[in-house]
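Undergrad: sequence and predicted model, in that order:
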Amino acid sequence: MDENLTISGKVYDIIYQNQENGYTVCEIDSASDGLVTLTGYMPYISEGEDISATGVFANHPEYGEQFRVSYYETILPTDESSILDYLSSGIIYGIRAKTAEKIVNKFGADSLNILLTDPMRLSEIKGISAQKAEKIGQSYLELQSVQSILMFCQQYGISTNLAFKVHKTLGSGAISQIQENPYVLSDRVEGISFKTADNIATIRGIPKNSPMRIKAGIKYIIDTLCYSQGHTYLPKEMLISNSEITLGVTREEVENGITSLELEHQLYSDVVNKEEVYYLDTFYQAEQYVARRIASLSSYPPTVSLSEKEILPIIDNAEKSSGILLDDRQKEAVLASFTSGCVVITGGPGTGKTTTINTIIKALSEMQLSIALTAPTGRAAKRMSQVTGLEAKTIHRLLCVKPADDSDVQHFLYNESNPLPFDVIIMDEVSMVDIQLMNAFLRAVKRGARVIFSGDADQLPSVGPGNVLRDIIDSGIVPVIHLSTIFRQAQESLIVMNAHKINCGEMPDLATHDKDFFFLSRPSSESVCQTVIDLYKTRLPASYSVNPMTSIQVLSPSKKGVAGTINLNRELQLALNPPSILKQEYAYGNTLFRVGDKVMQIKNDYDIIWTKPTGETGSGIFNGDMGIIESISVKDRVMTVIFDDERECEYTFSDLDKLDLAYAVTVHKSQGSEFPIIIMPVCHFAPMLMCRNLLYTAVTRAKTIVVLVGSQQATQTMVENNDEKKRFTGLLGKLKAISLFTISGDNK
């Protein structure tokens, strides 16, 4: 084996650099060896920078002798000319050539020391504000620690983008923390799996039955299964058997690990349906609180309430002013909203939920009550605003996301100690609210307020853990009004009528072609894919004079397969937004992002800053938000996205795992949204996806046009399959237990 050598020099030319993983081919001008070609993982280097590299010389069959780098470090310049070159390279955020010249002219050879020890002095220079000076100082300080962390992570196969996250999450002491406990990576750094942390632990000699490893593995297993399958807990035997197999340890060792996690309050045991189960702390506490708060809302009347005799004239006035006449069930819903602290209004499309909500708003407004409208997604909130004529906010915006520098674990400004000021809060699309978001919302509802939930319980449950709306309805603890009458105007829509047929287990009308619901028969997944592309790009825009990027949405049951979202996005991107010398692009993992692409946020980000054209600023972009890529700067490693409510956000390349192409999205991801036109491939996917409520959810996402493309047999399979995958949730049991306790107490 060749002995490692160390060579030093100034970076003369960067021939190639992979922005994602940091792999670089460059030439350095070495005093001892002249121009030397270096290859290896060297992120964050730039031309004009002095570096020291350790590695070996090797002959490449095509490019000749190269120096393969295993480790490198930056040699900071000491003379003014070299410092100017270094600062002008763009390696430090906020400093370009002109700013670099100003800094060196002001501070000379002491410039780098000023940046490190007293960066606020930069504000002495004209054009550099105190805020900018602080950011420059932070950037330089981070640069000093990030390079060593990047190289440390690289030796374990952790990509540069994830290494940036390691630095952001664990700080400058990341290396020592990882050396002490590699599982801090999977516990705390989003995107790093237990498998990666486990590999590092193996290399560092940590035994397979180490309590540290077993505890981290148990948390990984319960967390992964809960988030991927919507559970809030796992049965004891399922957790133990999965842990034994995955970790390769004994049952006794797993049980000891569980006991230890319980003592540390990271796991909680409970009994659900006479079965011993285990919760992660967050889900256990959330279910407990939601159950108590729903029970409290249902048990105590609102602060301001009226008798039925007083309410009926108010309803009559609301009907007259709106020019509508409520049916008995709708009137019952309005009455319940006056007398109860919590009400659920549920029903399918065309059954008058919107009319009922508008009547409730008019009636309660007569009592001078303050009312807030909210929904889980931006699109759902926008639609709520359109049909009510009042402002509606997403739940996250209603609760007000805290600034990024807030150290409190609570994400929202409004909570138990600082409740929302509203007397009435109406929440739409509740079926997609998971247990954690419902927990945060209810903590912010003030005592004596009314909460009115509206949603369709027959749609898919939330993407996140829990089955909140269904559990509340089934508990019987709050008034639930099921709207079932399909009104005459809605009966004219084939979308509405077919949605109800599907929900009742009947085949939709696939033969009619002169309304708003169309079926195109195609024999194979490949032909389905080609038809979807043709519809999206050509046929539908020509027929309805719409912009496909804003008006058409492809919904697929699956990510995988020819008709899955991954392949459809690739093909639709090529068809609608092909490569161009005028459009910058950047590959992140297996996804190629290009200026002009339609994208979706796939993870909640409470910290990202957004700006609107009006100058309004805020923070937080959330799962399901959609936008268009406005610009990509490979040099600055940033991408700008304009979301459809005009919020502009800047993403660093290390955060691109929070975005995905969105020409096609899964039906699950479409929850809470409404699109003018939807196209859905209906062919044979994984059996668990071939179910009735998935097809029903997809069809009810369309406002004006539905086009199903595929086979009648696959459609029939979905309609006939009413087997919903069981979710392990304990909210229903907790609500019933509280209800029984209350009844028992009342009897005493």
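TA: Arrived safely, thanks for sending. Numbers count the residues shown, from 1 in each chain.

Undergrad: could I get the phi/psi values of residue 64?
TA: In terms of degrees, to the nearest 10, the main-chain angles of residue 64 are phi 80, psi -150.

Undergrad: how about the contacts made by it?
TA: By Cβ atoms under 8 Å, 6 or more residues apart in numbering, the contact set of residue 64 is residue 37. Heads up, the C-betas are built off the backbone N, CA and C, glycines and all.

Undergrad: show me what it is bridged to.
TA: Here residue 64 shows beta-bridge partners residue 60, assigned using DSSP bridges.

Undergrad: hmm, residue 436 and residue 462 touching each other?
TA: No - here residue 462 does not reach residue 436: they are 9.6 Å apart, not a contact under Cβ atoms under 8 Å.

Undergrad: between those two, which one's more packed in?
TA: Neighbours per residue (other Cβ atoms under 10 Å) separate residue 462 from residue 436, with residue 462 holding more: 26 against 22.

Undergrad: using the three-state scheme, assign that one.
TA: Using DSSP: H, G, I helix; E, B strand; the rest coil, the structure places residue 462 in coil.

Undergrad: residues contacting stretch 386-394, please?
TA: 354, 357-358, 361, 371-378, 380-382, 384-385, 428, 622.

Undergrad: go through those residues and flag which are in strands.
TA: Among the contacts of stretch 386-394, DSSP state E puts 371, 372, 373, 374, 375 in strands.

Undergrad: can you select the buried ones from those in ChimeraX?
TA: To isolate the buried subset of those in ChimeraX, counting by 16 or more other Cβ atoms under 10 Å, use the following:
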select :371,372,373,374,375
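
Undergrad: can you put the ones in strands among the contacts of stretch 386-394 in a markdown table and add distance to residue 473?
TA: A markdown table is the format used below for the ones in strands among the contacts of stretch 386-394 (distance: Cβ to Cβ, whole Å):
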| residue | distance to residue 473 |
| --- | --- |
| 371 | 23 |
| 372 | 23 |
| 373 | 21 |
| 374 | 19 |
| 375 | 18 |
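
Undergrad: which one of the ones in strands among the contacts of stretch 386-394 is nearest residue 112?
TA: Closest approach to residue 112 among these (Cβ to Cβ): residue 374, at 50.1 Å.

Undergrad: list the residues that contact the closest one.
TA: Contacts of residue 374 by Cβ under 8 Å, 6+ apart are 381, 384, 392, 393, 394, 395, 398, 425, 426, 427, 428, 441.

Undergrad: apply 7 Å and report the result again.
TA: Going by Cβ atoms under 7 Å, 6 or more residues apart in numbering, residue 374 touches 381, 392, 393, 394, 395, 398, 425, 427.

Undergrad: how many neighbouring residues does the spatially closest residue to it that is not a sequence neighbour have?
TA: In this structure, residue 374 finds its nearest non-sequential neighbour in residue 398, 4.7 Å apart by Cβ to Cβ, 6 or more residues apart in numbering. Per other Cβ under 10 Å, the neighbour tally for residue 398 reads 21.

Undergrad: and for residue 328?
TA: 8.

Undergrad: hmm, back to that, from residue 413, how far off is the residue nearest to residue 374?
TA: Look at residue 398 and residue 413: by Cβ to Cβ, to the nearest Å, they are 10 Å apart.
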